[in-house]
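Asks: could you work out the structure for the sequence below:
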Amino acid sequence: MTLRVNPGPDAGPTDRLSARQDYQLVKNSLPRVREAALAWRNGVGALLAGLIGFGLIKGRTDVGELASPYDAVVGFLLLGALLAGTTSALLLLRAAHGRPAAVAIREHRTHRNSAVGTDHTEALRAAGALFRGVVLSLACTALLVAAVGITWYGPAKKNPGIEVTTPSGAHCGEAVRMTAGRLTLKTDSGEITVDLRSADGIRAVSSCTPKASS
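Replies: Residues are numbered from 1 along each chain as shown. Predicted coordinates:
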């Protein structure tokens with residue numbers, strides 16, 4: 001079976017106008033992607049700077065004040081945010097300014113008669129880098145928000161306490177002050193003062209259990 005191909009009708013003004021518009025669309029695709037990448041880079045940078053600044057204004061400034069394992073969770077979230085933010089920044093820079101590499105002479109000679117096609121290929125690559133950079137920037141923002149939220153509202157690490165045994169029972173809390181043989185402890189129910197002269201024993205504990213507190 002022989003396939004015969006016949007020429008189609010001549011192109012009219014409408015066909016030439018459509019072809020010219022398609023050509024201009026492909027030719028201008030790279031500058032449009034570069035412009036969009038610059039806008040996204042500036043916007044994402046301002047967003048992350050504002051978020052980091054807001055996170056440093058309120059809340060705990062030391063992750064070590066968090067109880068375990070919340071301190072480790074915040075550390076992993078911050079590490080993930082750092083990796084995502086760094087990769088996002090590199091991708092957005094790649095989309096906005098292109099690869100940090102010179103064009104080889106062989107590649108230039110191969111594509112010197114198809115500059116539009118080369119620009120369109122670069123535009124597709126830049127658009128892909130822009131999309132991945134935006135996704136990673138949003139992931140970085142989400143990780144930072146989660147880390148800041150846990151830092152603000154996570155349970156605090158309990159400081160070591162002192163347990164004093166007296167004839168009336170055991171008292172446990174954080175030492176506040178000691179004056180004239182009387183020790184003031186900060187407990188869950190408030191401050192209490194214990195007379196050490198009548199104490200049967202005193203010891204340091206890692207934390208006060210609710211049963212031991214009074």
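
Asks: in the protein, which spans are helices?
Replies: For the chain, the helices defined by DSSP state H occupy 13-27, 29-57, 70-97, 105-111, 115-153.

Asks: save those helices as a markdown table, and put in distance to residue 166 too.
Replies: Heads up, the C-betas are built off the backbone N, CA and C, glycines and all. Output for the helices of the chain, formatted as a markdown table (distance: least, Cβ to Cβ, whole Å):
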| stretch | distance to residue 166 |
| --- | --- |
| helix 13-27 | 87 |
| helix 29-57 | 45 |
| helix 70-97 | 35 |
| helix 105-111 | 86 |
| helix 115-153 | 37 |
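
Asks: could I get those as a markdown table with distance to residue 200, mean neighbour count and mean pLDDT?
Replies: Listed next are the helices of the chain as a markdown table, based on distance: least, Cβ to Cβ, whole Å; neighbours: other Cβ atoms under 10 Å; pLDDT from 0 to 100:
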| stretch | distance to residue 200 | mean neighbour count | mean pLDDT |
| --- | --- | --- | --- |
| helix 13-27 | 89 | 11 | 62 |
| helix 29-57 | 48 | 15 | 74 |
| helix 70-97 | 36 | 18 | 87 |
| helix 105-111 | 87 | 11 | 58 |
| helix 115-153 | 40 | 17 | 82 |
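
Asks: ok, which of those comes nearest residue 180?
Replies: helix 70-97 (39.0 Å; Cβ to Cβ).

Asks: what is that closest one packed up against?
Replies: Counting contacts by 3 or more Cβ pairs under 8 Å, 6 or more residues apart in numbering; DSSP states H and E, helix 70-97 is packed against helix 29-57, helix 115-153.

Asks: to residue 76, which of the ones you listed lies closest?
Replies: helix 115-153 (8.9 Å).

Asks: list the helices and strands that closest one packs on?
Replies: helix 13-27, helix 29-57, helix 70-97.

Asks: need those in JSON lines with distance to residue 121, can you?
Replies: Converted to JSON lines, the helices and strands packed on helix 115-153 look like this (distance: least, Cβ to Cβ, whole Å):
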{"stretch": "helix 13-27", "distance to residue 121": "10"}
{"stretch": "helix 29-57", "distance to residue 121": "9"}
{"stretch": "helix 70-97", "distance to residue 121": "14"}
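
Asks: cheers, nothing more for now.
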